[in-house]
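Novice: Output the structure for:
(chains A, B, C and D)
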Protein chains: 2
Amino acid sequence: MSHTLGIRQAQKQKTRQALLDAALGLLEEQSLSSLGLREVTREVGVAPTAFYRHFRSTADLGVALVEEALGSLHPMIRTIVASAGDSDQRIERAVELIARHVETHPAHVRFIARERHGGVQSVRAAIQGQLAQFAEEVKVALTKDPVSYGWTDDDLLMLANLYVDQMLMTASLFLDALEAPLEERQRVAQVATSRMRLISIGREHWLE
Amino acid sequence: MSHTLGIRQAQKQKTRQALLDAALGLLEEQSLSSLGLREVTREVGVAPTAFYRHFRSTADLGVALVEEALGSLHPMIRTIVASAGDSDQRIERAVELIARHVETHPAHVRFIARERHGGVQSVRAAIQGQLAQFAEEVKVALTKDPVSYGWTDDDLLMLANLYVDQMLMTASLFLDALEAPLEERQRVAQVATSRMRLISIGREHWLE
DNA sequence: CCATGCAGTTAACAACTGTTCTCTGGAATT
DNA sequence: AATTCCAGAGAACAGTTGTTAACTGCATGG
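Specialist: Predicted coordinates:
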């Protein structure tokens, strides 16, 4: 049901995407607040003024990057949350999924980790918004779990946020170990699994 | 036993500190990777070239800021860790201490949260080093706790790191709520306490 | 008291930045 | 086929950046 774009709009989206990709690449070695618009257009091979046809500023581009990065993460969350099996199996699968996502989208993960507390207000707000949405989604899933019987709404949201934060921390740890030997990456996976397991144990005994 | 500095060295340290303070102020609205040396010297009211008498680059200044920011945090960690009382009392006291620290050193906390995953390699490394030191310290304290009997060394370190990360996340949450009404800040304290408590519960049932 | 050291100044540099206005070629519309 | 639209190019702007070199004045150590 996708409407085929005209040659015109297709070209535009193409250079827009090229700008986003170039920016994402440049952001591996700096923060958004130091990213220059000329830097980006130079990388793409386009005139500096062309930038304005797509974004008002680099901050604006940053917000677009947030949607791209966290949009691709959305389906992953659903997969983890919907996964069956006992607690330990689900945790191992979640860690495995996160590791895969970091391997296939390292720049996206780095961007989010970096700009979550970064120097650009609007981007921080965009990330916080998306993460709050994730937490809400996780919370809904948790509510359906029989383990959550008797939990208050606030505590469920607290736990959901804890899971989301944990997911990001794990992703960031995997990112740091991306170039490291397999042994090191396995150690990271081991630690991440233990963290999740400890939280799950706390969850099971919460109401005592 | 402090050696009284000559007029000369005293003046030097004074402007050095002024540079650090000015930088910290400017970093509330941007990231280190976009902080210019001229920007800092202008703020202090000193010639741009004077900067080089104290730091090789802004990245170098960033590393110095890490030591200042996390150095002041060191005693706080000890206080929390050495605190007596049952689990819930200790947690409440810890959250209270973190809240106070954020109120008295907001810029330091923001700087660490921002640059922990920021765009400047050397600063990231410095932060990671200090945090690893904190975790080691927490681990030693945990080892002495009877609750830890039977725990492996790896699991103790895992828990210690979890606590350290949690401390930072809590601090960051308090930071976001600094200007918010009391009611909001109390909600943050409530959530932080719950998180810590859940982790503690997980810890108590870890060996089952 | 005089010579040395060194924190901070002054001036100048080439390179870079974001933003403006004007222009152009080709797709889209009529 | 004629007209409008608009993504991108080009040139120019005032202002900024990091870094250099040579200086000045004052605290320091002999």
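
Novice: Near DNA strand C, which residues of chain A? Just list them.
Specialist: For chain A, the residues in contact with DNA strand C (CB under 7 Å from any atom of the strand) are A:6-9, A:36-39, A:42, A:48-49, A:52, A:57-58. Bear in mind the C-beta positions are built from the backbone N, C-alpha and C, glycine included.

Novice: Give me the domain ranges for chain A.
Specialist: Here the domain assignment for chain A is A:7-57, A:69-204, based on automatic domain parsing.

Novice: among those, which is the most enclosed?
Specialist: domain A:69-204 (a mean of 17; mean count of other CB atoms under 10 Å in any protein chain shown).

Novice: Between the domains of chain A, which one is closest to B:V102.
Specialist: B:V102 lies closest to domain A:69-204 among these, at 13.6 Å (CB to CB).

Novice: any residue of the closest one up close to chain B?
Specialist: Yes. Domain A:69-204 is in contact with chain B by CB under 8 Å from any CB of the partner chain, via A:110, A:113-114, A:116-119, A:121, A:154-155, A:158-159, A:161-162, A:165, A:169, A:172, A:190-191, A:194-195, A:198-204.

Novice: Quick check: end-to-end length of that domain?
Specialist: 33 Å (CA to CA, to the nearest Å).

Novice: What ranges in chain A fall below the confidence cut-off?
Specialist: Scanning chain A with the threshold set as pLDDT under 70 gives A:1-3.

Novice: Go ahead and flag the most central residue of chain A.
Specialist: Among the residues of chain A, A:L70 comes closest to the average C-alpha position under CA atoms, centre = their mean, at 4.5 Å.

Novice: Now that one: which helix or strand?
Specialist: Taking DSSP states H and E as the definition, one finds A:L70 inside helix A:58-71.

Novice: counting contacts, what elements does that helix pack onto?
Specialist: helix A:7-26, helix A:37-44, helix A:106-115, helix A:121-144 (3 or more CB pairs under 8 Å, 6 or more residues apart in numbering or on different chains; DSSP states H and E).

Novice: so which of these gets nearest B:F134?
Specialist: Of all the helices and strands packed on helix A:58-71, helix A:106-115 sits nearest to B:F134, with 19.7 Å by CB to CB.

Novice: For A:S57, give me the backbone phi and psi.
Specialist: In terms of degrees, to the nearest 10, the main-chain angles of A:S57 are phi -160, psi 170.

Novice: what sits against it?
Specialist: Contacts here follow CB atoms under 8 Å, 6 or more residues apart in numbering or on different chains; on that basis A:S57 touches A:L37.

Novice: Could you report the separation of it from A:Q17?
Specialist: A:S57 sits 18 Å away from A:Q17, taking CB to CB, to the nearest Å as the criterion.

Novice: Check A:F174 too.
Specialist: Distance from A:F174 to A:Q17, counting by CB to CB: 26 Å.

Novice: Give me the secondary structure label for A:A84.
Specialist: Recorded secondary structure, A:A84: coil (DSSP: H, G, I helix; E, B strand; the rest coil).

Novice: I'd like to know how far it sits from DNA strand C.
Specialist: Taken as CB to the nearest atom of the strand, to the nearest Å, the spacing of A:A84 relative to DNA strand C amounts to 47 Å.

Novice: residues contacting the residue nearest to that residue when sequence neighbours are not counted?
Specialist: The spatial neighbour of A:A84 that comes closest, neighbours along the chain excluded (CB to CB, 6 or more residues apart in numbering or on different chains), is A:R90 at 7.7 Å. Residues in contact with A:R90, defined by CB under 8 Å, 6+ apart, are A:I80, A:S83, A:A84.

Novice: name the helices or strands packed onto the helix or strand containing A:L159?
Specialist: Here A:L159, judged by DSSP H and E, is contained in helix A:153-176. The criterion is 3+ CB pairs under 8 Å, 6+ apart, and the helices and strands that helix A:153-176 contacts are helix A:87-104, helix A:106-115, helix A:121-144, helix A:182-204, helix B:182-204.

Novice: try 10 Å
Specialist: helix A:74-82, helix A:87-104, helix A:106-115, helix A:121-144, helix A:182-204, helix B:153-176, helix B:182-204 (3 or more CB pairs under 10 Å, 6 or more residues apart in numbering or on different chains; DSSP states H and E).

Novice: By proximity to DNA strand C, which residue of chain A wins?
Specialist: For chain A, the nearest residue to DNA strand C under the criterion CB to the nearest atom of the strand is A:G6, separated by 2.2 Å.
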